[in-house]
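Colleague: next one to model:
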Amino acid sequence: MNISEILQTIGQYIYIGAAALWSGIQWLWAWICEWVSKLPIPNAIKLFSNDTANKYLFFGILIYLLIMNIWAFTLFGADKSKAKRKQRRIRENKLFKVCFFGGAAGGIIGMNMFRHKTLKKKFSVGIPIMFVLQLILNSFILGFLGFWTFF
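Modeller: As a prediction, the model looks like this:
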């Protein structure tokens, strides 16, 4: 047996294995789709075809984000005020958590307006990264709900 025959045999085995794997993946996908279709949950079309529910969800998320951003802005201002008066401070962990759970825009505005925590890399890098990620995520969520609600 020479090299070309060995390579041809290996190629045939790879082709047979890939075909079997593809067939298995198709069977598994069909089984998952059939199983999910039998679940007693509404599918996405039914869920997002209810305009009233979409409006409540859209405005609920919008109000939540507004409250979190106001809270983050207020916390940065209060912490700066406490720092000036040498009082007990707000923990950095709390500031970071409020920004993580939707208040990154308010955190950035508060950091810059009150000139607070701007020299700490954890805040000067971490919160803008959170802001960009939240901007992308919120654009998709609110854009999707807004599309299904208002168009």
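Colleague: hang on, Ala105 packs against Ile70?
Modeller: No: Ala105 sits out of contact with Ile70 when judged by Cβ atoms under 8 Å, with a separation of 10.1 Å. (Each C-beta comes from the backbone N, C-alpha and C, glycine too.)
Colleague: when these two are compared, which one has more neighbours?
Modeller: Between Ala105 and Ile70, counting by other Cβ atoms under 10 Å, Ala105 is the more crowded of the two (21 against 13).
Colleague: excluding its backbone neighbours, what's nearest that one?
Modeller: Asn69 (5.1 Å; Cβ to Cβ, 6 or more residues apart in numbering).
Colleague: give me the secondary structure label for the one you found.
Modeller: Secondary structure, DSSP: H, G, I helix; E, B strand; the rest coil: Asn69 is helix.
Colleague: where's it relative to Ile16, distance?
Modeller: Separation of Asn69 from Ile16 (Cβ to Cβ, to the nearest Å): 58 Å.
Colleague: out of these two, name the residue with the larger neighbour count.
Modeller: Asn69 (22 against 10).
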